[in-house]
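Q: Predicted model follows, preceded by the sequence.
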Amino acid sequence: MTEPKDQTIDPGEDTLDETLQSKARIEELSSTDEEEEETPPVKTAQSNAVSGIPFPGKDQLPPPPKPVDLPPWLTPATYALFHPDDGTETTQSQQKTTAECLPHLTLKDTQNLPQNVHGLPHLRRKAHADFLRASLGPLPAPFAAMDASRPWLFYWTMAGLTSLDEDVSAYKQRLMETVRPLQNPTGGFGGGHGQLSHCACTYATVLALACIDGLDVVDREAMWRWLGQVKQADGGFRMAVGAEEDIRGAYCAMTVITLLNLPLTLPSDSPARTAGLETFVDGLGGWVSRCQTYEGGIAGAPTNEAHGAYAFCALACLSILDAPHRSIPQYLDVPSLIHWLASMQTVPEGGFAGRTNKLVDACYSHWVGGCWALLQAAAGTSDEGKSSSSSSPPATNSTTEIEIEALWNRHALVRYLLTCCQQPGKRGGMRDKPSTRPDGYHTCYSLAGLSAAQNHYQYDATRGSSSNSSSKNNGRLMAAFNWEASPPTAQEMERAKYEEQDRVAFVHPVFVVPMGVVERTRVKFEEGLKV
């Protein structure tokens, strides 16, 4: 790919600076210093005499193009803050990524994508929807490697289409019949017919079915009994019977339990009962707490490396257990986590990386970008949240005075997704970065991240039964059903340089499906399972 010609960002020059030391954070500056258009010189008789008689119709020619209105973090004055080439593989990879993204970010190369009035590419809604639908048809031979992940193809497609406001009801019977063979008599869903039940495949299947109102196919009692087998004595969950125990299992299992309104009491034969545990939530918060690392981020399991996707799983899991302003500060060092998450927003791309010293990747637009709404709720911005947060033991962990909005740059994330992550041409789909190809995974989570950046999500602590410690309603965890969403203001859209047609639908901040799907599922299973 052609590198930028500006010598100040030439990868061969020692000018891209990584002095931010992975703790860099994009800050949105005031737009009051925008460059003014130069006033054209007034023509005098002398100047006309020199230049001669104007060519006929010259005064009817269109004016020269207006200089690109760049945001503060992409102006030449910030180039010295970019990462240097220290001769390591890490810094060289970062320079290559900067070089491939900068022409798109500065609109020097718009890839022939349709542009809005601000010069940014429109969100290619139809092309992305067509790309996702293709995942439900015959697939080429290399997709055989995805056989054990078939439910994810269903989820990425359904979640992505619904975030684009596409109607997916036509897929109801087809999807229900497709997943029936994936459900095991002992409960849960595997990746394919005859494969062992797995928490990730079960999570993806349940959410895909929820999108098309097809959850009647699920054997809820068998599901409850199977989940009892993956609940562990230390409070966590395995991904499958005998498989690894990690934070994904905790989030996936609690999502399924809550949406399907399964009993919180453990089955009598659950191995966790040998340690005295009686419910699915016993010991879970403490286990999640042990996944936080010295960096402040969240690892997949205790003692492992912090990772952006695991941060989301931890925050979402705790937001299921109880209201975020109670559960998150109770089990996590919130200021430390905020510091780590803020450092994941990359310069100059504006997207997020998933680990320290790693490159920007569009999927973390959701995995990290989706954390901020949960942290905003953890800050206890509601009256009820503020009053109850004072009962949290560690005063040093209070986040009520932190303005979460100031810690990440929504507009930079929107710009990265629209300029760098949309596949040009006829194909559609969204990609990790310009040098990669689109796929269903990145399309789904890019759209979810775009929703997180464009829309606003608020936790309503006054809804439901949130007065007791577990936010339960007749044995059902209710905290995750208390979210509301609101669209951006016209002023916010103007500042971020996108239009209404570029906006995606509300995506639930905990369950990552449309808000309406979550409410429909809550109502559908209001009556708990009798076992």
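A: Structure received.

Q: Please make it C-alpha for all contacts and neighbour counts, starting now.
A: Noted.

Q: pull the longest helix from this structure.
A: The helix spanning the most residues in the chain, taking DSSP state H as the definition, is helix 89-105.

Q: Put the alpha carbons of the helix or strand following that helix into CSV.
A: Beyond helix 89-105 on the C-terminal side, the first helix or strand identified by DSSP states H and E is helix 125-133. Below are the C-alpha coordinates for helix 125-133, written out as CSV (Å, rounded to 0.1, in the frame of the first residue of the first chain):
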residue,chain,number,x,y,z
ARG,A,125,-25.7,-0.6,5.2
LYS,A,126,-26.9,-2.7,2.2
ALA,A,127,-23.4,-4.0,1.3
HIS,A,128,-22.8,-5.1,4.9
ALA,A,129,-26.2,-6.7,5.2
ASP,A,130,-25.7,-8.6,1.9
PHE,A,131,-22.3,-9.7,3.1
LEU,A,132,-23.7,-11.1,6.4
ARG,A,133,-26.6,-12.9,4.6
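
Q: and helix 125-133, what does it pack onto?
A: Counting contacts by 3 or more C-alpha pairs under 8 Å, 6 or more residues apart in numbering; DSSP states H and E, helix 125-133 is packed against helix 150-163, helix 440-454.

Q: Quick check: which of these has the most neighbours on average?
A: Most buried of these by mean neighbour count (mean count of other C-alpha atoms under 10 Å) is helix 440-454; its value is a mean of 27.

Q: Can I get the helices and strands packed on helix 125-133 in JSON lines including mean pLDDT and distance to Y331?
A: Below are the helices and strands packed on helix 125-133 laid out as JSON lines (pLDDT from 0 to 100; distance: least, C-alpha to C-alpha, whole Å):
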{"stretch": "helix 150-163", "mean pLDDT": "98", "distance to Y331": "30"}
{"stretch": "helix 440-454", "mean pLDDT": "99", "distance to Y331": "24"}
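
Q: returning to what we had before: list the buried residues for the longest helix of the chain?
A: Of the residues in helix 89-105, those with enough neighbours to count as buried (16 or more other C-alpha atoms under 10 Å) are 91-92, 94-95, 97-105.

Q: Looking at it now, give me its mean pLDDT.
A: Along helix 89-105, the predicted local confidence has a mean pLDDT of 93.

Q: same check, this time on stretch 124-137
A: 97.

Q: who's in contact with that stretch?
A: 153-154, 156-157, 160-161, 164, 166, 422, 426-430, 440, 443, 502 (C-alpha atoms under 8 Å, 6 or more residues apart in numbering).

Q: hmm, back to that, okay, the helices and strands packed on helix 125-133 in CSV with distance to V512 next?
A: Formatted as CSV, the entries for these read as follows, by distance: least, C-alpha to C-alpha, whole Å:
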stretch, distance to V512
helix 150-163, 8
helix 440-454, 7
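
Q: is it true that V360 touches F352?
A: Yes: assessed by C-alpha atoms under 8 Å, V360 is found in contact with F352 at 5.1 Å.

Q: overlap in contacts of the two?
A: When contacts are counted by C-alpha under 8 Å, 6+ apart, V360 and F352 are jointly contacted by Q345, T346.

Q: Contacts for the helix or strand Y457 falls within next, please.
A: In the assignment (DSSP H and E), Y457 maps to strand 456-459. With C-alpha under 8 Å, 6+ apart as the test, strand 456-459 has contacts from A373, A377, S382, N482, W483, E484, A485, S486, P487, P488, P509.

Q: now with 6 Å?
A: Contacts made with strand 456-459 from outside it, assessed by C-alpha atoms under 6 Å, 6 or more residues apart in numbering, are listed as A373, A377, N482, W483, E484, A485, S486.

Q: for stretch 186-201, same thing?
A: 148-151, 181-183, 202, 222-223, 226, 239-240, 249, 252.

Q: Recalculate using a threshold of 7 Å.
A: For stretch 186-201, the external contacting residues (C-alpha atoms under 7 Å, 6 or more residues apart in numbering) are 147-152, 181-184, 202, 219, 222-223, 225-226, 239-240, 249, 252-253.

Q: Repeat that for stretch 298-318.
A: 246-248, 250-251, 254, 285, 288, 290-293, 297, 324, 327-328, 354-355, 364, 367-368, 370-371, 374, 510.

Q: cool, stretch 110-117 as well?
A: Counting by C-alpha under 7 Å, 6+ apart, residues outside stretch 110-117 touching it are H104, P121, H122, P424.

Q: would you turn those into a markdown table with distance to F131?
A: Below are the contacts of stretch 110-117 laid out as a markdown table (distance: C-alpha to C-alpha, whole Å):
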| residue | distance to F131 |
| --- | --- |
| H104 | 22 |
| P121 | 18 |
| H122 | 16 |
| P424 | 12 |
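
Q: which of those residues has the most neighbours?
A: Neighbour count (other C-alpha atoms under 10 Å) singles out P121 as the most crowded of the contacts of stretch 110-117, with 25 neighbours.

Q: any idea how far G370 is from G119?
A: Taking C-alpha to C-alpha, to the nearest Å as the measure, G370 falls 27 Å from G119.

Q: More neighbours: which of these two?
A: Between G370 and G119, counted using other C-alpha under 10 Å, the more crowded position is G370 (28 against 15).

Q: so who does that one touch?
A: With C-alpha under 7 Å, 6+ apart, G370 has these contacts: F312, G449, A452, P509.

Q: Go again with 8 Å.
A: With C-alpha under 8 Å, 6+ apart as the criterion, the residues that contact G370 are F312, A448, G449, A452, P509.
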